[in-house]
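Enquirer: sharing a model that was predicted from the sequence below.
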Amino acid sequence: MAERTASPTLLPGPDPTRASGHDQVVRRRQLRAAGILLLLQGILMEGLVALALPVLLILGVAPDDLPTGIHVFALPYLDDNLGVMMLMSGVFGALRTIGAIGILRNRQWGFALSLVNCTVTLVLMIFMLPAGVADGLLSGGALLLLLLGRFGRAEILPEPRSAA
C-alpha cells in the first residue's frame, strides 16, 4: 500500500485541519475578502487603464503627449512614458486577477502569486504617486487579509511552559 505524503505547503504554519470550525470560517472569509479586493483592484484600477490605451490610440490621442502642467505621477519619467505605463498596468492587472481567482478557488499558487503582487505593488507605490496611494491601500489591505487568512491566530513561538 502506498504511503500518503503530505501536500507541499507554501509557508510553514498551523495545520488548517486542526483549527476549530469557527477559526476556519473566519480564515476562509479573510481569504475570500482578500481575493475579492485583489480582483476589484486588478480589473477596475489596472485593467481599465490598460483597456483605455487602444481606445486612445484609435481616437488618435497619444498618451505620451500630455499638456504641459498636467502630472499624473510624481516622477516626470513616468509621465513621459504614459503609454508604456498603461501597458504595464495591463500586465499587473492580469497577474493580479489570475492570483485573485487562484485565491478564490483555494489554490496555493494563487496565494503565492498574490503575495508577490502585493509586495511588488507596495515597493513600487512610492514612485507612482498620487495613484500609488490607492494601490498601496488596496494591496496593503489584501496582504494583511492574506496573512491573517493563512496564519490565523498561530503564535510565532510557543508559550514557555511553567516550571511548576
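Expert: Great, that's in hand.

Enquirer: buried residues in stretch 73-82?
Expert: 73, 78, 81-82 (16 or more other Cβ atoms under 10 Å). The C-beta positions use only the backbone N, C-alpha and C, and glycine is treated the same way.

Enquirer: name the residue closest to the centre of this protein, please.
Expert: What sits nearest the mean C-alpha location of the chain, by Cα atoms, centre = their mean, is residue 118, with 3.8 Å.

Enquirer: which neighbouring elements make contact with the host helix or strand of residue 110?
Expert: Element membership of residue 110, judged by DSSP states H and E, is helix 108-124. The contact analysis (3 or more Cβ pairs under 8 Å, 6 or more residues apart in numbering; DSSP states H and E) places helix 108-124 against helix 21-40, helix 82-104, helix 131-151.

Enquirer: buried residues in the second one, which are they?
Expert: Taking 16+ other Cβ under 10 Å as the neighbour-count basis, helix 82-104 is seen to contain the buried residues 82, 85-86, 89-90, 92-93, 95-104.

Enquirer: try the first one
Expert: For helix 21-40, the neighbour count (16+ other Cβ under 10 Å) marks 26-27, 30-31, 33-35, 37-39 as buried.

Enquirer: stretch 116-125 now?
Expert: 117-118, 121, 125.

Enquirer: closest to residue 157 among those?
Expert: residue 118 (25.5 Å; Cβ to Cβ).

Enquirer: what residues are up against the closest one?
Expert: 38, 139-140, 142-143, 146 (Cβ atoms under 8 Å, 6 or more residues apart in numbering).

Enquirer: repeat that for 7 Å
Expert: 139, 142-143 (Cβ atoms under 7 Å, 6 or more residues apart in numbering).

Enquirer: coming back round to it: out of the buried residues of stretch 73-82, which one sits closest to residue 21?
Expert: residue 73 (47.3 Å).

Enquirer: ok, that closest one touching residue 132?
Expert: No: shown here, residue 73 and residue 132 do not form a contact pair, counting by Cβ atoms under 7 Å, at 8.1 Å.

Enquirer: how near is the residue nearest to residue 146 when sequence neighbours are not counted to residue 102?
Expert: Leaving aside its chain neighbours, residue 146 sits nearest to residue 34 (4.8 Å; criterion: Cβ to Cβ, 6 or more residues apart in numbering). For residue 34, the distance to residue 102 equals 11 Å [Cβ to Cβ, to the nearest Å].
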